[in-house]
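S.K.: the following block contains a protein sequence and its predicted model.
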Amino acid sequence: MAGRVIYYILQCTWGLPLNLIGGLIWLYLHIRGARSFRYHNAIATYWNRESNMAIGMFVFLEQDLENQEERILYHEYGHTFQSAWLGLLYLPVIAVPSLIWANSKRLGRYRKRTHTSYYQFYPERWADRIGSGQLSKGGKEKRL
């Protein structure tokens, strides 16, 4: 319970600017009928993009995740903690490097050539560690 309170305090103070952006995206998608649910302390929403992303305590998921949903959820949930802890520093320290790592064709070829997992890059590896630590706390999907 104390962890949840601290998470929300950080999200509503240090992480407030990112939560305002994430909240506006969530509101837009919600008005358009997107399905949302609660995952631990975050709000997850499906959108019509071929990518997954966390902004503040808001997680945005591609529609067709097949069997990867739980792994993607805990990974993106890890990013919500990074956002809470780093505040606006999340953008240059995590978001920008992560976007470049994910979207650069050159880096994509490098990962393929060297058999390097997407999740080996520091922001992704850290998000996985944080998110997987939350799995033991029993996060369940809850419709909003």
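M.R.: Now that the structure is in, tell me what you want to look at. Numbering: from 1, shown residues only.

S.K.: and residue 37, backbone torsions?
M.R.: Main-chain torsions, residue 37, degrees, to the nearest 10: phi -150, psi 160.

S.K.: bridge partners for it, pull those for me.
M.R.: Counting by DSSP bridges, residue 37 forms beta bridges with residue 44, residue 143.

S.K.: how deep is it tucked in, by neighbour count?
M.R.: 17 (other C-beta atoms under 10 Å). C-betas here are computed from N, CA, C, even on glycine.

S.K.: surely it touches residue 44?
M.R.: Yes: using C-beta atoms under 8 Å, residue 37 makes contact with residue 44 at a distance of 5.6 Å.

S.K.: is it true that residue 60 lies in a strand?
M.R.: Yes: counting by DSSP: H, G, I helix; E, B strand; the rest coil, residue 60 is found in a strand.

S.K.: tell me the spacing between residue 75 and residue 9.
M.R.: 24 Å (C-beta to C-beta, to the nearest Å).

S.K.: who has more neighbours out of these two?
M.R.: Between residue 75 and residue 9, residue 75 has the larger neighbour count (other C-beta under 10 Å), namely 22 against 12.

S.K.: what bits of this protein have low per-residue confidence?
M.R.: 66-68, 134-144 (pLDDT under 70).

S.K.: can you pull out the helices in it?
M.R.: 2-12, 16-31, 69-86, 90, 96-103, 105-114, 122-135 (DSSP state H).

S.K.: how close does the most far-flung residue of the chain relative to its centre sit to residue 106?
M.R.: Ranked by distance from the centre of the chain (C-alpha atoms, centre = their mean), the top residue is residue 113, with 26.9 Å. Per C-beta to C-beta, residue 113 is found 11 Å from residue 106.
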